[in-house]
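Q: let me see the structure of the following:
(2 chains)
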Amino acid sequence: MERVIVSMQDPDMGIKMRNQRLLITVIPHAMTGRDIVDWLIQKYSITEEEALHTGNFLVKYGYIYPLKEPRNLCLKQDETPYRFQVYIHTIYLARKNIRKQGELIEYEKECYNALHKRINHTWDFVVMQAREQLRASKQRRKSDRIVLECQEQAFWLINRPPVSSIEHNRKSLGRNRIKSSICLESFVKYCEQYQDHDPIMQGCLPSNPWITDDIMYWNMNAEMVPMPTKLRVERWTFSFMELLNDPLGKKELLTYLEKEFSAENLLFWQACEEVRHGEASKIFLAPGASRWVNIDSKTMEKTLQGIKHPHRFVMDDAQMHIYFLMKKDSYPRYLKSELYKNLLARAVVPQETKKSVFPFMRRQRHSSPSPALVTQTAEDNGKAQPNTGKTNTGTAAQI
Amino acid sequence: MACQGLSKGETVSSLRAESENLKAKLEEERSKLHDVELHQVAEKVEALGQFVMKTRRTLKGHGNKVLCMDWCRDKRRIVSSSQDGKVIVWDAYTTNKEHAVTMPCTWVMACAYAPSGCAIACGGLDNKCSVYPLSLDKNENLSAKKKSVAMHTNYLSSCSFTNSDMQLLTSSGDGTCALWDVESGQLLQSFHGHSADVLSLNLAPSETGNTFVSGGCDKKANVWDMRSGQNIQSFETHESDINCVRYYPSGDAFATGSDDATCRLYDLRADREVAIYSKESIIFGASSVDFSLSGRLLFAGYNDYTINVWDVLKGTRVAILFGHENRVSTVRVSPDGTAFCSGSWDNTLRRWAGYSFRFVYCCIWTL
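A: Numbering: from 1, shown residues only, chains lettered A, B, ... in the order given. Predicted coordinates:
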């Protein structure tokens, strides 16, 4: 449809605009209904009936609007003057806005406001057009209305105005980027740092459970073990996130902080995590509270404001502040502490379990082939088979 | 309001032209800081030898195509969903089926395990995402406790819990992603920006835990801010649908698998595509990708029934795995990186004591 409109507006091959008479007013840059139909017939080699049909759609969708009876949205094949519609999408949104009394979805609102800013001077006109279209549509049969609405929505879904992507691209232009050499170097470093921790690459000690059918590896690395493995404790030095992600690491950090009488920060952070993920937390922010945390006044103010109108993210600023405080201060101190160093020294390095020790125990594991039933009791697994194809436990494939 | 004045700047087609222009400018800006290629930086890194990976477990029991699977944080359980509407929870280590649910719809395209391990989420052609708490009582009918959480206007393509059991992130064929509160079913945030079906999403493993990436049929991969619903970054270099997106473990980049038979790596700080994993001999689309724990390896499942293993840094292929007899629909590395699981559209007829069964495989692979 749009393609048609564009061709119509073409200065050379399009419809010739003239001054049209409407009663005593002369309207510049308009065309008659007859002009439109004739042009369509000629351009697309179609019949008059078809041209009228297409033309009607152009008017119904609002691409062309009648100047004489603005409420009657149909094409009349006579001297009735018409004009091309501008800001079609704007009118669509305005219509929706009026109809839904201001309840557009988020991106539509943004679009609407952006467009408003851009075409400020003709805004009244746009709103008027929207109102006219709404009024006209009310007179149509309900089924027609629904169909037309769907068609229009589909049209705009597909042809969402580039305006939003224009804004997006404009914003992206101004973005801060980092040189590739720096970014890519960080991947090399990361892969290198984690290589020993990657069981598929380097294997794992004592053995990979999937290969040897021995779950010792999982037992030794369970959430809370009396003595963690060396690799695990080393991993806490990679980043603050690694330490916090490991429940054992978090516990160790808390122990350390308690010794230093600065545990509130971590406890506060933990409480924030709970708020974030749905559960209530205790407020640590009031200075007079039994424990209070160290955040700057600006963050404090913002948080207190937020608490007045609580929302899911009310603690976010404070939490982030505390997180980075700990990352910068508590974390490095912990890694240098005796507590950590002792743990690292005592940490376990598991003995490698060679698969070949129990060759007759190895068997190919297949689940019972019976299809899953809704209530299924635990079944024993499949047949025992002689072991075929031994490989060493988890060695990285070397050249 | 002259027509001439309008056609100068305001017709839809001229807006489009402006958009194209901006896109070109953006590409120009992006390439200004691109001073080196990834494989060049990786030249000093030791090469990997040929990998030989074997299937260690075969999980049979789905009656039809396996569409999706997810690992539990306990590193051994998985949930898988299939075309016939069945969702199964397995202890992959023992290969026992622990729970099974029959969904009221077919094509359960998305399933996810809750972080606590106490629930699963799934959905598909029903346009919804439902959460099922997992009961310890094996005889209890799971469907009784089902909770409908997400509602889209088209099929559910992917779902994921955020860092807790309380929030669910979904993507849909209706072109949007959405964040839901599980308890109330309330829509917390919606994400608009894709112009076609969204096929995949993945949460960023970042410190602040506030972003995720999505990929769709509009060939775009978008990075979103979960709080504001804003589209932070957008990448459009694929030549066809993006079927899968997954973050590099550091969170600074993500990989995509697409119908254009390539997988690509996009760096978020450099704001550009930095690697393409492709071979002339690979002509079928990649349906699913995932990184090994260190991020050195990229496992990708393809529609030609194979799994290709790529060296992420050097850009070369280190292994090709043949184990499936039909399309590989999903590939996921276990949480501790000890193995990866692949699900497929395999359909094998076997005779077993006079009955015939169709087996559909999830395979667990390691070295």
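
Q: surely B:S200 and B:S157 touch.
A: Yes - with contact taken as CB atoms under 8 Å, B:S200 and B:S157 are classed as touching, separated by 6.8 Å. For the C-beta atoms, the positions are set from N, CA and C on the backbone; glycine is no exception.

Q: okay, strands next: where are they in the stretch 51-200 of chain B?
A: For the stretch 51-200 of chain B, the strands defined by DSSP state E, counting those that start in this stretch cover B:54-62, B:66-71, B:77-82, B:86-91, B:96-102, B:110-113, B:119-123, B:128-133, B:147-151, B:156-161, B:167-172, B:176-181, B:187-192, B:198-203.

Q: swap that for chain A, please
A: Secondary structure of chain A (DSSP state E): strands at A:18-22, A:25-32, A:64-66, A:81-84, A:365-366.

Q: if I average pLDDT within each of the ones you listed, which one is lowest?
A: Lowest mean pLDDT of those: strand A:365-366, a mean of 54.

Q: worst-scoring helix or strand of chain A, pLDDT-wise?
A: Across the helices and strands of chain A, the lowest-confidence element by mean pLDDT, DSSP states H and E is strand A:365-366, at a mean of 54.

Q: now do the longest helix seen in chain B, average pLDDT.
A: In chain B, assigned by DSSP state H, the helix with the most residues is helix B:12-32. Helix B:12-32 shows a mean pLDDT of 83.

Q: after that helix, which helix or strand is next?
A: Note on helix B:12-32: by DSSP states H and E, the next helix or strand toward the C-terminus is helix B:38-41.

Q: now do the buried residues in that next one.
A: Neighbour counts using 16 or more other CB atoms under 10 Å in any protein chain shown place B:38-39, B:41 of helix B:38-41 among the buried residues.

Q: name the helices or strands packed onto it?
A: Other helices and strands packing on helix B:38-41, by 3 or more CB pairs under 8 Å, 6 or more residues apart in numbering or on different chains; DSSP states H and E, are helix A:180-194, strand B:272-277.

Q: and the longest one, what does it pack against?
A: Judged by 3+ CB pairs under 8 Å, 6+ apart, helix A:180-194 is in contact with helix B:38-41, strand B:263-267, strand B:272-277.

Q: pairing partners for the last one, with directions?
A: Each strand that strand B:272-277 pairs with, and the sense of that pairing, follows from DSSP bridges: strand B:263-267 (antiparallel).

Q: what about the partner strand, distance to the chain center?
A: Remark: strand B:263-267 is offset 14 Å from the chain centroid, using CA atoms, centre = their mean, to the nearest Å.

Q: contact partners of it?
A: With CB atoms under 8 Å, 6 or more residues apart in numbering or on different chains as the test, strand B:263-267 has contacts from A:180, A:183-184, B:38, B:221, B:235, B:237-238, B:248, B:252-258, B:272-278, B:286, B:289, B:298, B:300, B:310, B:312.

Q: which of those are buried, as a ChimeraX select command?
A: Buried members of the contacts of strand B:263-267, defined by 16+ other CB under 10 Å, are picked up in ChimeraX with:
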select /A:180,183,184 /B:38,221,235,237,238,248,252,253,254,255,256,257,258,272,273,274,275,277,278,286,289,298,300,310,312
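
Q: hmm, back to that, got the angle for the longest helix of chain B vs helix A:180-194?
A: Calculated by axes from the mean of the first three to the mean of the last three CA atoms, to 10 degrees, helix B:12-32 forms an angle of 60 degrees with helix A:180-194.

Q: in the stretch 201-350 of chain B, where is pLDDT below threshold?
A: For the stretch 201-350 of chain B, the stretches with pLDDT under 70 are B:208, B:347-350.

Q: give me every residue in it lying close to chain A.
A: B:207-208, B:227, B:229, B:231, B:233-234, B:248-250, B:252-253, B:267, B:269-272, B:274, B:292-297, B:312-313, B:333, B:336-340, B:350 (CB under 8 Å from any CB of the partner chain).

Q: which of the residues you listed are buried? Put it as a PyMOL command.
A: Buried residues within those, by 16+ other CB under 10 Å, are selected in PyMOL with:
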select buried, chain B and resi 227+229+231+233+234+248+249+250+252+253+267+269+270+271+272+274+292+293+294+295+296+297+312+313+333+336+337+338+339+340
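
Q: in helices, which of the residues of the stretch 201-350 of chain B next to chain A fall?
A: Per DSSP H, those never map to helices.

Q: return the subset of the residues of the stretch 201-350 of chain B next to chain A lying in strands.
A: Going by DSSP E, the strands hold B:231, B:233-234, B:253, B:267, B:272, B:274, B:297, B:333, B:340, B:350 from these.

Q: count the residues that sit near A:D78.
A: Neighbourhood size, A:D78 [other CB atoms under 10 Å in any protein chain shown]: 9.

Q: that one contacts A:V37, doesn't it?
A: No - using CB under 8 Å, A:D78 is not in contact with A:V37; the gap is 9.4 Å.

Q: quick one on the thing from earlier: closest to chain A out of the ones in strands among the residues of the stretch 201-350 of chain B next to chain A?
A: Minimum distance to chain A across these is 4.8 Å, recorded for B:D267 (CB to the nearest CB).

Q: bridging residues for that closest one?
A: B:D267 has the following beta-bridge partners by DSSP bridges: B:A253, B:R272.

Q: just to revisit the earlier point, now mean neighbour count and distance to A:L244 too, for the strands of the stretch 51-200 of chain B, in TSV please.
A: TSV is the format used below for the strands of the stretch 51-200 of chain B (neighbours: other CB atoms under 10 Å in any protein chain shown; distance: least, CB to CB, whole Å):
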stretch	mean neighbour count	distance to A:L244
strand B:54-62	23	32
strand B:66-71	25	21
strand B:77-82	27	24
strand B:86-91	24	29
strand B:96-102	20	31
strand B:110-113	26	22
strand B:119-123	28	24
strand B:128-133	22	27
strand B:147-151	18	28
strand B:156-161	26	19
strand B:167-172	27	19
strand B:176-181	22	23
strand B:187-192	19	24
strand B:198-203	24	17
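
Q: and those strands, which one's lowest on average pLDDT?
A: It's strand B:54-62: among the strands of the stretch 51-200 of chain B, that one has the lowest mean pLDDT, namely a mean of 85.

Q: that one pairs with which strands, parallel or anti?
A: Partners of strand B:54-62 in the sheet, by DSSP bridges, are strand A:365-366 (parallel), strand B:355-366 (antiparallel).

Q: worst mean pLDDT among these?
A: strand A:365-366 (a mean of 54).

Q: residues contacting residue 257?
A: With no chain named, the answer covers chain A. A:263, A:265-266, A:330, A:334.

Q: nope, chain B please
A: B:242-244, B:263, B:285-289, B:300-301.

Q: gap between it and B:F51?
A: 19 Å (CB to CB, to the nearest Å).
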